[in-house]
Each structure stands twice: as C-alpha cells, then as structure tokens.
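Quick one, structure for this:
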Amino acid sequence: MHGSMALGRVGALAAVAAVGVLVTPALGCKCGSRGGTDTDAGVDAALSGDAAPGTDAAPDADSGGGPGIDGGAVPCGPDPAPPGAPACPAVCTGGCTADNVCVIDCPAGACNDTTLTCPAGYDCRIVCNGLDACDTTTIQCPATYRCTVECDVYDSCGDVNLLCTDGWCDMQCGANGPPCGGAVVSCGTGACTASCGTADTLTVSCGAACTCVPCP
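Got it, this is the predicted structure:
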C-alpha cells in the first residue's frame, strides 16, 4: 500500500516536471509575435501594405504634372505656375496668355537659323508653322517652367537644337512631313517628352531627366 502511494507521488512529480519543461520555453518565445523587433514590424507592414520602419512608401505613380509613360503622370513633381511680368516680352511674337504662356510664332522661314531664347518667368510655346519655320534653329528653354515646341509640316523643325532645363520640355512633331528630321532634344533635369511623325529622325538625349519619353 505504502509502496503504491510512493510510486504514485513520484509519477505525479515527474509529470509536473515534464509540464514545466514544455511550458517554460513557450513563455520566453516570440514565435509569431508582431511586436518587439524591426523584423516583426517589417512583416506587419508587408501584411498590412504599409511601409516598414526606416523606409519610404512606394511613390504614387499618378502624382506630379504633365504626361508620362503609358499616359500616366510624370513623377517629377507638379509644374509650377509661371509668375509672368507686367508687360509681355517682345520675343513673344504670338502674345502672352492669361496664364503666362509666352507664344513665339514662327511662320515659314521666320525663325530659320536663329537662336530663340524663352523669357524668364513664363511657360514657353514655340509654334513652327511652315517650311523652314525653325530649321537649324537653337531654342533655349526657360528655367523652371514648361517649354513646348510644335512642328507641323515638312522640315518646319529640321535640325533644331532644343536645349531643355529643369522644367518640363516637350517637342511635338506632327504627321505631316517629317517635320523634325535631324533635330536634337537635349534634356535637362525636368520631364522630357517627344512625339514624332512619319519617318522622323529626332534624337532625344535623356541625360538626367526625371522622366524621359522619346519617340517610339
């Protein structure tokens, strides 16, 4: 009788000890924990879609101004509004718009083999409309603000040298032509885009542009 009771007590003590061995590591374990370390926080972030600590969230592909690849917006920041000036500069032969766009109008042969410098403080739009309108012309875009060159007929912008800066720079070559054969766009640090007509040989040097969309 006494021997049976002793054996029962020993068995009970062994069972308690076994439970203690199993439970003790579980109390100190962080298995499956979502807090306490950067790794756990990173896993939580990945599961929730949030950025992990010490990292930036993925940029919004739709932020910024102007067109970009596949019709999206360029990830270069919004286009600043040009302040303009009290009087429209003389170089703006097509006038200045209410939102401070300087229009430089170049009909056939008018700006051929010249240097056009866009005025400071304005968006700049150069319209080359006609044969040799801007042929072999150097166009200096303004700092900070948009610069657009429009070429619509055969050789209206042949061998143009377009010098871009930190504003959005865009050369538009129409389907009549080719209007931009041999032209070169030297991109700055802003967005740099181009569209080409049939058989155009337009060169776009992307350089450090934040977004660059050359002709396909």
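
Would you tell me what the next helix or strand after the helix-or-strand element of the chain with minimal mean pLDDT is?
Lowest by mean pLDDT, DSSP states H and E among the helices and strands of the chain is helix 38-48, with a mean of 31. Remark: after helix 38-48, the chain's next helix or strand is strand 101-107, criterion DSSP states H and E.

which secondary structure elements does that next one contact?
Packing partners of strand 101-107 (3 or more C-beta pairs under 8 Å, 6 or more residues apart in numbering; DSSP states H and E): strand 123-129. All C-beta spots, glycine's among them, are computed from the backbone N, C-alpha and C.

Parallel or antiparallel, which strands does the strand it packs on pair with?
Sheet pairing for strand 123-129, assigned by DSSP bridges, gives strand 101-107 (parallel), strand 147-151 (parallel).

Single out the most deeply packed of those strands.
Most buried of the strands paired with strand 123-129, by mean neighbour count (mean count of other C-beta atoms under 10 Å): strand 147-151, with a mean of 26.

Please state the mean pLDDT value computed over it.
For strand 147-151, mean pLDDT is 97.

Likewise for stretch 94-106?
98.

can you count the residues close to residue 206?
Neighbour count for residue 206, taken as other C-beta atoms under 10 Å: 14.

Pull the contacting residues for it.
For residue 206, the contacting residues are 187, 192, 212, 214, by C-beta atoms under 8 Å, 6 or more residues apart in numbering.

The last one against residue 204, yeah?
In other words, residue 214. Yes: with contact defined as C-beta atoms under 8 Å, residue 214 counts as touching residue 204 (3.7 Å).

so how far is residue 216 from residue 137?
25 Å (C-beta to C-beta, to the nearest Å).

Give me the more crowded residue out of these two.
residue 137 (25 against 6).

Quick check: the gap between the more buried one and residue 85.
Residue 137 is 24 Å from residue 85, where distance means C-beta to C-beta.

what's the burial count for the closest residue to residue 203 other than its chain neighbours?
Counting by C-beta to C-beta, 6 or more residues apart in numbering, residue 184 is the residue found nearest to residue 203 once chain neighbours are left out, at 4.8 Å. For residue 184, the number of neighbouring residues by other C-beta under 10 Å comes to 15.

tell me which residues form a beta bridge with residue 184?
Assessed by DSSP bridges, residue 184 has beta-bridge partners residue 161, residue 203.
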